[in-house]
Every structure is written in C-alpha cells, then in structure tokens.
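> Let me see the structure of the following:
(chains A and B)
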Amino acid sequence: AQKITQTQPGMFVQEKEAVTLDCTYDTSDPSYGLFWYKQPSSGEMIFLIYQGSYDQQNATEGRYSLNFQKARKSANLVISASQLGDSAMYFCAMIPQGGSEKLVFGKGTKLTVNP
Amino acid sequence: EPEVTQTPSHQVTQMGQEVILRCVPISNHLYFYWYRQILGQKVEFLVSFYNNEISEKSEIFDDQFSVERPDGSNFTLKIRSTKLEDSAMYFCASRQEVYEQYFGPGTRLTVT
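Numbering: from 1, shown residues only, chains lettered A, B, ... in the order given. So this is what the prediction gives:
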C-alpha cells in the first residue's frame, strides 16, 4: 500500500522568500506519480505539479519546483518568491502507474506567507 | 481554461435522507473520480469510473453510495441514506490519459 507523510503541519515564510514543503512516500510499486495540490481557505483543490518516478529531471511549473530524490523517497515542493496568495494548505499525493486509480494524499502542510 | 464544476456548493440534509451530488467533468476527460475530505482531515478516495463502470472503489464506498454518468456530461454521486459521519467536502475529479487529476471546487455536505 502507498503512504504519504508530510511532517510539517504548519510552515511560515516571509513574502518573496523561498520555502520548501516536505513530502516522503512509501510504495512498493516500481512506477508511480507524485503530485502536489494547493487548497486555499475557499476549499477547492488546485493541481500544482506532477513528477513521474522515471522522469529524469525534476518537474518545474512557474514558481513551483519538485525536488525529487528517488533513493530517499522524497518529493519536496519548493515555492520560490512566495506571495501572500500562496497561503493555503498543500497536499502531497501519489498514484501507482499502471494499476490503482486512486490518489493517496498526505495530511497536508498549512503554509502562511507573512508580509 | 476548462474546469470541473460541481453543484451544489453546499448541501444540508437530514440524517436518513438521500442526496445526489453533481459534477460536470472536463469535456474531453475519460476518467472520473469522487473523493471526500472530512473537516480538518486528509482527502480520501471513494471511487473511480471509466467507460461507464466503476473501475475501483474504497472500503468507504459501501452499498449506500452509487455513481452514475446519466448523460455525456454529468457525473453524479448518490448517498442513499445519509449518516452524520457522511458530513464532509466531496470532490469530483477527472483526467485524460495523462495522470493529472483535476478537481472541482467541492460540495460541502452537512448532515444534521
């Protein structure tokens, strides 16, 4: 079974600084995908970034990048140049590829960006 | 940009009543999902749906739950006899062939 661990219940960062949100995972599947989603206080789930387990390069999407360390089973999200609108819950999730359809989520990290 | 939509945004119902939560997935997506998030907890998978049938379901998705794609655009989740513990945010999601699942804004279900 897959498991996602997010050890930081809350994080604080100053506006314009970079922040890293931690995510470790556990799976026996040889092929899998890793995701990050943002959930603002309004409640919707916003897809941010995806990393496949066989991707050679770390994924990047604008100010978001995923620091993927396969041997350590970690998939940390890096947000550069934080903005006040980045304040939200952030969820790491994974899915095995070629098998189960379900996304398995971590418990989330609440990020607060201070002005 | 196309998006998943869900109605209603908030539903209040009495215990034992039936509710239907509605979703319109992104039009060219082929795979559909329901997830739920009890307040303050993590998001949990309920069911996946492809080619007009359930492809996977969790242990939460018992006989009280059903899903349907009644036409080419809607995807519904029915709870036959709601319980207090069904109170949660219910998310619909959809995807194409690639792996990213795009979520709707959610329906907050409150069972009293």
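
> that's a strand at B:Glu85, yeah?
No - with DSSP: H, G, I helix; E, B strand; the rest coil as the criterion, B:Glu85 is helix rather than part of a strand.

> So what's the residue count around it?
Burial measure for B:Glu85: 9 neighbouring residues, criterion other Cβ atoms under 10 Å in any protein chain shown. Using the backbone N, CA and C atoms, a C-beta is placed for each residue, glycine as well.

> Equivalent analysis for the one 3 residues further on, please.
For B:Ala88, the tally of surrounding residues (other Cβ under 10 Å) stands at 22.

> got the contact list for it?
Shown in contact with B:Ala88 (Cβ atoms under 8 Å, 6 or more residues apart in numbering or on different chains): B:36-39, B:108-109.

> switch the cut-off to 6 Å
Under the criterion of Cβ atoms under 6 Å, 6 or more residues apart in numbering or on different chains, the contact partners of B:Ala88 comprise B:36-38.

> ditto for B:Ser73
If a contact means Cβ under 6 Å, 6+ apart, then B:Ser73 has B:Val24 as its contacts.

> measure it to A:Met89 for me?
In this structure, B:Ser73 and A:Met89 are 30 Å apart, going by Cβ to Cβ, to the nearest Å.

> Please apply the same query to A:Trp36.
Looking at A:Trp36 against A:Met89, where the rule is Cβ to Cβ, the gap reads 11 Å.

> who's more crowded, those two?
For the pair A:Trp36 and A:Met89, the greater number of neighbours falls to A:Trp36 (25 against 18), based on other Cβ under 10 Å.

> Which positions are bridged to that one in the beta structure?
Applying DSSP bridges to A:Trp36 yields these beta-bridge partners: A:Ile49, A:Cys92.

> quick one: it and A:Ile79 touch, right?
No - applying Cβ atoms under 6 Å, one finds A:Trp36 not in contact with A:Ile79, separated by 9.6 Å.

> can you pull the buried residues of stretch A:49-67?
A:49-51, A:53, A:59, A:64-67 (16 or more other Cβ atoms under 10 Å in any protein chain shown).

> May I see the residues you listed arranged in CSV, with pLDDT as well?
Listed next are the buried residues of stretch A:49-67 as CSV, based on pLDDT from 0 to 100:
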residue, pLDDT
A:Ile49, 95
A:Tyr50, 94
A:Gln51, 94
A:Ser53, 91
A:Ala59, 95
A:Tyr64, 98
A:Ser65, 97
A:Leu66, 97
A:Asn67, 96
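
> want to throw these into CSV with secondary structure?
Formatted as CSV, the buried residues of stretch A:49-67 follow (three-state DSSP):
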residue, secondary structure
A:Ile49, strand
A:Tyr50, strand
A:Gln51, strand
A:Ser53, coil
A:Ala59, coil
A:Tyr64, strand
A:Ser65, strand
A:Leu66, strand
A:Asn67, strand
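
> For chain B, which residues are neighbours of chain A?
B:42-43, B:45, B:48, B:55-56, B:91, B:99-100, B:102-103, B:105-106 (Cβ under 6 Å from any Cβ of the partner chain).

> Done for today, thanks.
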